[in-house]
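Asker: fold the following for me, if possible:
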Amino acid sequence: MASGPLTGREKRIFPMDEAEKAMFAKSVDSVKGLVEACKGIDESLKG
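Answerer: So this is what the prediction gives:
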């Protein structure tokens, strides 16, 4: 159980093999692309 409120920046430490690291990096890049697309749709998201 968490000791305080979650901030979305919690550090997770667990071992990943190279394939898992590559999949995680691809996922992160996909989310970054989605965020940029959303900023293009809604100017209020630009910060």
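
Asker: what about the residue nearest the centre of the chain, which helix or strand?
Answerer: In the chain, the residue lying closest to the centroid (CA atoms, centre = their mean) is residue 28, at 5.1 Å. Using DSSP states H and E, residue 28 falls within helix 18-41.

Asker: what about residue 39, how many residues close to it?
Answerer: Residue neighbour count, defined by other CB atoms under 10 Å, stands at 13 for residue 39. Quick note: C-beta positions are derived from backbone N, CA and C, even for glycine.

Asker: how far away is it from residue 47?
Answerer: 9 Å (CB to CB, to the nearest Å).

Asker: now residue 8, what's its secondary structure?
Answerer: coil (DSSP: H, G, I helix; E, B strand; the rest coil).

Asker: could you measure from the residue nearest to the centre of the chain over to residue 44?
Answerer: 24 Å.

Asker: now the helix holding residue 28: average pLDDT?
Answerer: The average pLDDT within helix 18-41 is 95.

Asker: oh, and call the first residue 594 from now on, that's how I've got it
Answerer: Okay, using 594 as the starting number, the last item reads as helix 611-634.

Asker: quick one: residues in contact with that helix.
Answerer: Helix 611-634 is contacted from outside by 609, 638, 639, using CB atoms under 8 Å, 6 or more residues apart in numbering.

Asker: find me the pLDDT at the second one, would you?
Answerer: As predicted, residue 638 sits at a pLDDT of 88.

Asker: number of residues surrounding it?
Answerer: 11.

Asker: how about the backbone phi and psi for it?
Answerer: phi -80, psi -10 (degrees, to the nearest 10).

Asker: for it, give me its contacts.
Answerer: Residue 638 is in contact with 628, 631, 632, counting by CB under 8 Å, 6+ apart.

Asker: separation between the second one and residue 640?
Answerer: So that's residue 631. 12 Å.

Asker: give me the more crowded residue out of the two.
Answerer: residue 631 (11 against 4).

Asker: can you tell me how far the more buried one sits from residue 619?
Answerer: On the measure of CB to CB, residue 631 and residue 619 end up 19 Å apart.

Asker: ok, now residue 613?
Answerer: Taken as CB to CB, the span from residue 613 to residue 619 is 11 Å.
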